[in-house]
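Participant: Mind folding the following:
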Amino acid sequence: MAIAATSAVMVGHAASPDRGSADHDDARRPQQAQPYAAPSRASTPKPLTASPPSALPLLPSPALSGGTATPAPGIPSEAPTPSAGPKKPDGGGGGDSAAGIPLTVATRPYVWQDHCDQYYLTDRQPPFMPPPPEEQEAPGWAANLRAVAGGRTDVELSVQGKGREAVVLHALRVRVVERSAPLSWTAYAMGSGCGGGLTPAFHDVDLDAGQPQARAKGGMQGDIAIPATDFPYKVSSTDPQLLKVTAHTEGHDVSWYLELEWSSGDRHGTVRVDDHGRPFRTSAIKDRPQYFYWLGKNVWSPVEGENRSK
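Facilitator: Below you'll find the model as predicted:
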């Protein structure tokens with residue numbers, strides 16, 4: 001696709017681009033995630049089975065099982081209005097499933113920041129951990145270990161119109177599905193990440209806030225400082241927009257997703273952005289054991305002192 005104007009959203013992490021699933025036109029259409037196995041949030045880690053599941057786990061919640069979600073403390077109870085019609089399945093987390101949606105949203109839920117360490121939490125101990133993956137292999141690596149993003153999650157959204165008519169992006173909303181105490185697992189650093197070639201618009205999300213919001217923030221692309229830019233943005237088939245969201249927490253285990261509001265002429269709607277139909281999940285790593293992979297010795301070694309991530 002042609003890339004002209006770009007910008008980024010920072011909300012608080014991993015690899016190959018995913019097509020997103022679109023919501024509705026003129027009404028909000030929530031997605032119903034498929035049931036899946038979820039790891040226990042108990043304080044005592046449990047060993048993995050010989051055949052780990054192939055999908056990143058999440059705690060069960062009413063919203064994921066077809067019921068009505070119970071808002072987390074301090075979180076507004078506003079939720080998308082149920083869709084009146086069937087929704088065509090799609091392969092990503094946020095996009096253009098509905099035929100009438102005038103834009104597409106390609107979502108990368110496993111993005112690593114430039115020159116920053118990416119952490120994952122898992123209940124597996126260092127002697128039984130495989131080496132860290134390359135960024136593009138992170139989704140499968142994390143799924144096989146039932147790993148959860150540690151401390152922060154970076155999500156990249158590439159938004160593009162389907163035609164020459166401009167589509168205005170008005171806002172990006174943060175929806176918290178569930179919030180609880182951090183996982184009592186071990187944190188593993190992936191090493192330095194790598195960035196893309198587009199100039200993004202950055203937004204930051206504090207998942208510990210009572211009502212998390214996506215706030216515009218300046219960022220870095222390699223050695224170049226990118227100034228903060230905020231909504232609204234305009235996209236078309238020749239003028240896409242890149243958004244980077246960094247969501248972070250220092251005291252909770254949070255399941256969350258995004259809603260992108262748009263309009264085109266007299267039409268308007270909302271696109272849900274998530275991880276293949278499931279909420280993103282981020283858990284704090286403060287005070288948890290932290291390890292990095294020592295390439296020369298091919299072992300996981302403790303992160304100590306000032307090198308520890310908060």
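
Participant: which stretches of this structure form helices?
Facilitator: Applying DSSP state H to the chain gives helices spanning 138-145.

Participant: Show me what the closest residue to Pro279 other than its chain neighbours is bridged to.
Facilitator: In this structure, Pro279 finds its nearest non-sequential neighbour in Ser255, 4.2 Å apart by Cβ to Cβ, 6 or more residues apart in numbering. Just so you know, the C-beta spots here come from the backbone N, C-alpha and C atoms, and that holds for glycine as well. In this entry, Ser255 is beta-bridged to Glu178, Arg281, by DSSP bridges.

Participant: Can you pull out the low-pLDDT segments for the stretch 101-250 of the chain?
Facilitator: Within the stretch 101-250 of the chain, the segments meeting pLDDT under 70 span 114-117, 191-198, 222-223.

Participant: Which residue ranges of it form strands?
Facilitator: Residue ranges of the strands in the stretch 101-250 of the chain, as given by DSSP state E, counting those that start in this stretch, are 103-108, 117-122, 148-150, 152-161, 167-180, 186-192, 201-206, 214-217, 219-221, 224-226, 233-235, 241-248.

Participant: got those as a markdown table, with distance to Asp287 columns?
Facilitator: Shown next, in a markdown table, are these (distance: least, Cβ to Cβ, whole Å):
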| stretch | distance to Asp287 |
| --- | --- |
| strand 103-108 | 30 |
| strand 117-122 | 12 |
| strand 148-150 | 12 |
| strand 152-161 | 16 |
| strand 167-180 | 16 |
| strand 186-192 | 10 |
| strand 201-206 | 19 |
| strand 214-217 | 26 |
| strand 219-221 | 28 |
| strand 224-226 | 33 |
| strand 233-235 | 39 |
| strand 241-248 | 16 |
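
Participant: Can you say which of the ones you listed is packed in most?
Facilitator: Of all the strands of the stretch 101-250 of the chain, strand 148-150 has the most neighbours on average by mean count of other Cβ atoms under 10 Å, namely a mean of 29.

Participant: wait, isn't Pro133 in contact with Leu145?
Facilitator: No. Contact criterion Cβ atoms under 8 Å: Pro133 and Leu145 do not qualify, at 10.1 Å.

Participant: Which residues outside stretch 301-310 are in contact with it?
Facilitator: 117, 119, 150-151, 187, 189, 250, 285-286, 289-294 (Cβ atoms under 8 Å, 6 or more residues apart in numbering).

Participant: isn't Val273 right up against Glu259?
Facilitator: Yes. Between Val273 and Glu259 there is a contact under Cβ under 8 Å: 7.1 Å.

Participant: Thanks a lot, see you next time.
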